[in-house]
Structures are given as structure tokens and as C-alpha cells.
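**Q** Compute the structure for the input listed below.
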Amino acid sequence: MTTRLAPGDAAPDFTLPDADDKPVSLSDLRGRKVIVYFYPAASTPGCTKEACDFRDNLAELNDAGVDVLGISPDKPTKLATFRDKEGLTFPLLSDPDRKVLEEWGAFGEKTMYGKTVTGVIRSTFLVDEEGRIEAALYNVRATGHVAKLRRDLKI
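**A** Numbers count the residues shown, from 1 in each chain. Predicted coordinates:
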């Protein structure tokens with residue numbers, strides 16, 4: 001069973017390449033809240049809906065002092081294609097060895113179409129200004145959880 005993060009836990013720091021192969025570190029965003037979300041694969045229907053939902057709500061999130069980072073096992077070149085096609089304006093990060101996904105409990109066994117498989121567990125986290133987990137949401141739906149985050153954040 002994968003270890004799961006809970007509110008109050010220290011958010012595991014990471015440095016991952018973005019779609020342009022430039023390093024992005026969670027610790028560089030201290031002082032702001034950060035939504036870190038993990039998704040299975042760029043350019044798939046559910047992941048596209050989810051990413052576009054974050055894109056469409058990004059201005060309000062940023063105005064409220066919240067940044068967004070999306071992480072998947074995709075290589076930077078695939079992330080760049082996804083970003084450009086969908087007009088995404090927040091960093092998409094590449095974790096092909098799944099090290100960060102595993103540290104955050106977002107990779108492991110899950111049920112898909114009635115079968116147990118190993119893969120990315122669609123998950124969203126809110127990290128506070130000091131780098132602690134404020135909310136940990138596992139097995140979220142691609143559609144609708146950005147609205148729930150906004151309600152929870154009162155944005």
C-alpha cells in the first residue's frame with residue numbers, strides 16, 4: 001500500500017523539469033499556497049478536462065495567492081505539446097521515474113474498470129505557505145474538483 005500524505009504533513013520537496021526542460025522546485029514557491037496535482041497522461045480526455053479546468057480558473061487562484069503545478073510521468077516534449085495545444089499557462093512537470101508520484105502517494109494500486117492495476121492515482125494537494133499539506137485529495141474526479149477546491153478556499 002502506498003503511503004498517503006495528510007493535512008499537517010511536510011510536503012515532500014521536489015525539483016522536476018517543466019515542459020521546456022527547465023527545473024522547477026516546490027521550495028521556490030514558499031510564501032504562496034500551491035496546488036500540486038498529479039494526473040496519469042497528457043492529452044487524454046480526462047486529463048485534458050482537468051488541466052483546462054485549472055487553466056480556466058487560474059486567474060482567480062493566482063489572485064488569491066495560489067499557484068498551480070501539474071505533474072505526470074510524461075516526458076517534457078509531450079508536456080510541451082499538451083501545453084501548447086490546450087493553451088495551458090501553469091507549469092506542467094515531468095516525473096518519468098515516478099519518484100515524486102510515489103513520495104506523494106499518487107502512484108500505486110488502483111481499481112480501473114473493475115480490475116486492480118498499478119498506475120497514477122489522480123490526486124490533488126494544497127500546500128500552505130510554509131510547505132505543509134493543507135489538503136490531500138486522492139482518487140479525485142477529472143471534472144469538478146477544481147470547483148470544490150475553489151469552494152474550500154473560498155475563492
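**Q** Can you tell me the closest non-neighbouring residue to the residue nearest to the spatial centre of the chain?
**A** For the chain, the residue whose C-alpha lies nearest the mean C-alpha position (Cα atoms, centre = their mean) is residue 37; its distance is 1.4 Å. Counting by Cβ to Cβ, 6 or more residues apart in numbering, residue 37 lies nearest to residue 124, which is 4.3 Å off, once chain neighbours are set aside. Bear in mind the C-beta positions are built from the backbone N, C-alpha and C, glycine included.
**Q** Report the separation between residue 45 and residue 20.
**A** According to Cβ to Cβ, to the nearest Å, residue 45 and residue 20 sit 25 Å apart.
**Q** More neighbours: these two, which one.
**A** For residue 45 against residue 20, the residue with the higher neighbour count under other Cβ atoms under 10 Å is residue 20, and the figures read 13 against 8.
**Q** so that one makes contact with residue 83?
**A** No. Using Cβ atoms under 8 Å, residue 20 makes no contact with residue 83, being 9.0 Å away.
**Q** Mind checking what secondary structure the residue nearest to residue 37 has?
**A** Remark: residue 124 carries the secondary structure label strand [criterion: DSSP: H, G, I helix; E, B strand; the rest coil].
**Q** who's it bridged to?
**A** When bridges are called by DSSP bridges, residue 124 pairs up with residue 37, residue 137.
**Q** Residue 77 - how many residues pack around it?
**A** Residues lying near residue 77 (other Cβ under 10 Å) number 12.
**Q** How far does the host helix or strand of it sit from its chain's centre?
**A** Take DSSP states H and E as the rule and residue 77 turns out to sit in helix 76-86. A distance of 15 Å separates the centroid of the chain from that of helix 76-86, by Cα atoms, centre = their mean, to the nearest Å.
**Q** now what about it, what contacts it?
**A** Helix 76-86 is contacted by residues 17-21, 42-43, 48, 51-52, 55, 72, 74, 88, 92-94 when judged by Cβ atoms under 8 Å, 6 or more residues apart in numbering.
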